[in-house]
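Novice: Fold the following.
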Amino acid sequence: QVRLEESGGGLVQAGNSLTLSCISSGRTFSNNGVGWFRQAPGKEREFVASVDWNGGNTNYLDSVKGRFTISRDRIKNMVYLQMNSLKPEDSAIYYCATSRRATASTAMNTYQYWGQGTQVTVSS
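Specialist: Take a look at the predicted model:
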C-alpha cells in the first residue's frame, strides 16, 4: 500500500512562494503518475497539477500555469509543487495523490491513494 504525506504548507502573503512536498512510504510510487489537488472551504476538490512517471510530462490547472511547477525525484520517492506569485484564491488544503496510470492524469477518478493534505493560506 502507498502512504502519502504532504508538507510545506503555511501562511504567506500574496505574491510570495511556497514549496509543497509529498513523500511516499510503503510501496513506491515511482512508476505512477502523481497529482496535486486542492479544496477550498465550500468548494469541490479540484485538480491543480500532475506529473507522469518519469517527470517528462506535466499538466496544470489554467489558473496556475506559469506560477506553479510540479516535479519529482524518483530516487527520493518525492514529488514537489513549487508555488510562486501566490494569490488569496490559492488558499486551500492541498493534497497529493498517486494515479493508477503512469501518465500525468487530470481526472480525479484515476487517482487511487491520497494524503491527508496540507493547509495553504494566502493573505492579501
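
Novice: how close does residue 99 get to residue 2?
Specialist: To residue 2, residue 99 is 11 Å away according to C-beta to C-beta, to the nearest Å. Every C-beta, even on glycine, is put in place using the N, C-alpha and C of the backbone.

Novice: Name the residue in these two with the higher neighbour count.
Specialist: Comparing residue 99 with residue 2 by other C-beta atoms under 10 Å, the one with more neighbours is residue 99, at 24 against 17.

Novice: what sits against the closest residue to that one other than its chain neighbours?
Specialist: The spatially closest residue to residue 99, leaving aside those adjacent along the chain, is residue 33, at 3.8 Å (C-beta to C-beta, 6 or more residues apart in numbering). Shown in contact with residue 33 (C-beta atoms under 8 Å, 6 or more residues apart in numbering): 50, 51, 52, 53, 98, 99, 101, 102, 103, 104, 105, 110.

Novice: Spell out for me the PyMOL command that would select the buried members of these.
Specialist: Here is the PyMOL command that selects the buried residues among the contacts of residue 33 (16 or more other C-beta atoms under 10 Å):
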select buried, resi 50+51+52+53+98+99+101+103+104+105+110
